[in-house]
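**Student:** can't give you the sequence, but here's the structure:
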């Protein structure tokens, strides 16, 4: 992967090129650097690992027969986890009247948050509200009901920084009373 990138794929290849006419040994260390792994061939990239979710720091070391040592490092983050939501709440009821403001609350959770879309059918058309969120943020929106009798629908789309997408159920309330 490129340095300082995010990916939703755990099978990232670490590619490198070594140029030295007296090449001796290549090895790498990752994350904790408590153990190094010697590569059997300095012309072989690291392609067999499945990386866990989280940030990874990989350093490739090389030395030649004169014991000259060099290294290169790459940092990348794996995120295979979809954003989650809890605490969907609203004060919308079948007796909500025309002109009344209603709130929609939800808590959005992801370690690499990005954006959400609140999508609602206001009785005549779908409208979207898009914004960013932080991890474990309670999001609250207020919308005004501008219709007497209709079915109001809403859903939330939640996206993280590596494009893992989740969507809530589509909830609905049918407005029954006419406010005349």
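**Tutor:** That came through fine. Owing to the predicted nature of the structure, the values given are computational and were not obtained by experimental measurement.
**Student:** low-confidence stretches in the protein?
**Tutor:** The chain contains residues with pLDDT under 70 at 33, 177-180.
**Student:** list the contacts of the residue nearest the centre of it.
**Tutor:** Nearest to the mean C-alpha position of the chain, counting by Cα atoms, centre = their mean, stands residue 160 at 2.5 Å. Shown in contact with residue 160 (Cβ atoms under 8 Å, 6 or more residues apart in numbering): 79, 81-83, 110-114. For glycine as for every other residue, the C-beta is placed from the backbone atoms N, C-alpha and C.
**Student:** tell me the contacts of residue 81?
**Tutor:** 53, 110-111, 160, 164.
**Student:** can I get the contacts of residue 160 in a markdown table including secondary structure?
**Tutor:** Output for the contacts of residue 160, formatted as a markdown table (DSSP: H, G, I helix; E, B strand; the rest coil):
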| residue | secondary structure |
| --- | --- |
| 79 | coil |
| 81 | coil |
| 82 | coil |
| 83 | coil |
| 110 | coil |
| 111 | coil |
| 112 | coil |
| 113 | strand |
| 114 | strand |
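**Student:** those: which two are farthest apart?
**Tutor:** 81 and 114 (13.1 Å; Cβ to Cβ).
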